[in-house]
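Peer 1: With the sequence up front, the predicted model follows.
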Amino acid sequence: SSRPFRGRDDRRDDRPSRGRDDRRDVPARPQTTAQRKADEVHHRTGGRKYGKEPMPATEHVIETWRDDGPVDRKPRRSDSGDEGSARRPTARTMSHVEATVAKAITAAVGADDAKRTIERFALALDAFERERYQDAKKSVMPIVKKCGGIALVHEVAGLSLYRLGQWNDAADQLEQARVASHGSTTNHPVLADCYRALRRYEKVDELWKELKEASPHPSIVAEGRIVAAGALADHGDLQGAVRLMHHGSQDPRKVQEYHLREWYMLGDLYDRSGDVIAARKMFGRIAAHDPHFSDVGDRLATLGT
């Protein structure tokens, strides 16, 4: 799918991308409809947008959405003049919002404005799922002002801003989501990447330590490790970055996509530090598992295989 922006291009690309979606690293567990919808958000939040090219990382498209047309299409206006009501959210999104945050939104805005606000938030979530991040931001930011303290509202706002490369505002919203969710580490890799973009490396280190201690799903830990290693490399500690990434350098029993991303990062670090033999070996390991992963074929060709 097309990417909405490019990040800073003053450094090398250490973020591989995939040409297809994959759910291999999603933990299997019984889920309600609401939990599945929440996971759709959570598993589209990983990855590092900061750098030459964005990387989808733990991004997974779980549902197939029907495209309603170009993002810049002039919306139909309703009788009320509210362009947010020109479209209706999908039934599944409305069901999720009603099951998770509808009561909190109603308490925040009052009964008279609740229906309209809940529908607008569902539209924001729909837009985010369709990768229409500007539309998502436009819908959700007014809700943030009225519904502060609702974790999912801040999360959708923060992730939309992150996808648009608005690092400072994204970090602010994700920090509020973190507080509202009582310290959840799900979005730590994304938040850390915002701080990496802002060169606030002490915050990257703090979040990485918290993530290690919390021990969430390995795919989330892998994303946090890659961001932390990238931050070390940013200020010249390539050897420290290699040591950090070497944790994921051995073949696991079952190779998942996040393992390939860790190996790619390690291969790139070896390449940048001048260890061509180690870099070639790491990219070769990736190619043995998935020859179409990112640009691994080009990297091997450049390294002389």
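Peer 2: Okay, I see it.

Peer 1: Please make it C-alpha for all contacts and neighbour counts, starting now.
Peer 2: Will do.

Peer 1: ok, which stretches of the stretch 51-200 of the chain are strands?
Peer 2: Using DSSP state E, counting those that start in this stretch, no strands are found in the stretch 51-200 of the chain.

Peer 1: Low-confidence bits of the stretch 101-250 of the chain, can you list those?
Peer 2: Where the stretch 101-250 of the chain drops to pLDDT under 70, the residues are 248-250.

Peer 1: in it, which spans are helices?
Peer 2: 102-109, 111-129, 133-146, 151-163, 167-180, 188-197, 201-214, 218-234, 238-245 (DSSP state H, counting those that start in this stretch).

Peer 1: Switch those helices over to a markdown table; also include distance to His292 and mean neighbour count.
Peer 2: As requested, these are exported to a markdown table (distance: least, C-alpha to C-alpha, whole Å; neighbours: other C-alpha atoms under 10 Å):
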| stretch | distance to His292 | mean neighbour count |
| --- | --- | --- |
| helix 102-109 | 43 | 17 |
| helix 111-129 | 25 | 21 |
| helix 133-146 | 28 | 19 |
| helix 151-163 | 25 | 27 |
| helix 167-180 | 31 | 21 |
| helix 188-197 | 25 | 28 |
| helix 201-214 | 30 | 17 |
| helix 218-234 | 20 | 24 |
| helix 238-245 | 22 | 18 |
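
Peer 1: so which of those gets nearest Val276?
Peer 2: helix 238-245 (13.7 Å; C-alpha to C-alpha).

Peer 1: Direction-wise, compare the closest one with helix 218-234 and give the angle.
Peer 2: Angle of helix 238-245 versus helix 218-234, following axes from the mean of the first three to the mean of the last three C-alpha atoms, to 10 degrees, is 170 degrees.

Peer 1: just so I know, which of the helices of the stretch 101-250 of the chain lies nearest His289?
Peer 2: His289 lies closest to helix 218-234 among these, at 17.5 Å (C-alpha to C-alpha).

Peer 1: would CSV of the helices of the stretch 101-250 of the chain with distance to Tyr258 be doable?
Peer 2: Formatted as CSV, these follow (distance: least, C-alpha to C-alpha, whole Å):
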stretch, distance to Tyr258
helix 102-109, 34
helix 111-129, 21
helix 133-146, 24
helix 151-163, 20
helix 167-180, 23
helix 188-197, 13
helix 201-214, 16
helix 218-234, 6
helix 238-245, 12
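
Peer 1: closest to Val255 out of those?
Peer 2: helix 218-234 (11.6 Å).

Peer 1: For Lys254, pull up the helix or strand it's in.
Peer 2: Here Lys254 is covered by no helix or strand, with elements defined by DSSP states H and E.

Peer 1: For it, give its distance to Met282.
Peer 2: Using C-alpha to C-alpha, to the nearest Å, Lys254 is found at 17 Å from Met282.

Peer 1: More neighbours: the two, which one.
Peer 2: Comparing Lys254 with Met282 by other C-alpha atoms under 10 Å, the one with more neighbours is Met282, at 25 against 7.

Peer 1: mind listing what His246 touches?
Peer 2: Residues near His246 by C-alpha atoms under 8 Å, 6 or more residues apart in numbering: Leu266.

Peer 1: hang on, isn't His136 packed against Arg130?
Peer 2: Let me fix one detail, which is that residue 136 is Ala and not His. No. Using C-alpha atoms under 8 Å, Ala136 makes no contact with Arg130, being 9.3 Å away.

Peer 1: hmm, back to that, can you say which of the helices of the stretch 101-250 of the chain is nearest to Asp295?
Peer 2: Between these, helix 218-234 lies closest to Asp295; by C-alpha to C-alpha that is 17.6 Å.

Peer 1: what about the closest residue to Val97 other than its chain neighbours, distance to Ser95?
Peer 2: Leaving aside its sequence neighbours, Val97 sits nearest to Ala122 (C-alpha to C-alpha, 6 or more residues apart in numbering; 6.4 Å). Distance of Ala122 to Ser95, computed by C-alpha to C-alpha: 9 Å.

Peer 1: go on, Lys203?
Peer 2: According to C-alpha to C-alpha, Lys203 stands 36 Å off from Ser95.

Peer 1: repeat for Tyr195
Peer 2: Taking C-alpha to C-alpha, one finds Tyr195 at 34 Å from Ser95.

Peer 1: swap in Leu300?
Peer 2: 47 Å.

Peer 1: May I see the buried residues of the helix or strand that contains Tyr258?
Peer 2: Taking DSSP H and E as the criterion, Tyr258 maps to helix 257-272. Neighbour-count burial for helix 257-272, with 16 or more other C-alpha atoms under 10 Å as criterion, is recorded at 257-271.

Peer 1: Output it as CSV, nothing but the C-alphas.
Peer 2: C-alpha atoms of helix 257-272 as CSV (Å, rounded to 0.1, in the frame of the first residue of the first chain):
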residue,chain,number,x,y,z
GLU,A,257,8.3,-11.8,10.6
TYR,A,258,9.5,-9.9,13.5
HIS,A,259,12.6,-12.1,13.6
LEU,A,260,13.3,-11.1,10.1
ARG,A,261,13.0,-7.5,11.0
GLU,A,262,15.5,-7.9,13.8
TRP,A,263,17.9,-9.7,11.5
TYR,A,264,17.6,-7.0,8.9
MET,A,265,18.4,-4.3,11.5
LEU,A,266,21.4,-6.3,12.6
GLY,A,267,22.6,-6.9,9.0
ASP,A,268,22.3,-3.1,8.3
LEU,A,269,24.3,-2.3,11.4
TYR,A,270,27.0,-4.7,10.4
ASP,A,271,27.1,-3.1,7.0
ARG,A,272,27.3,0.4,8.4
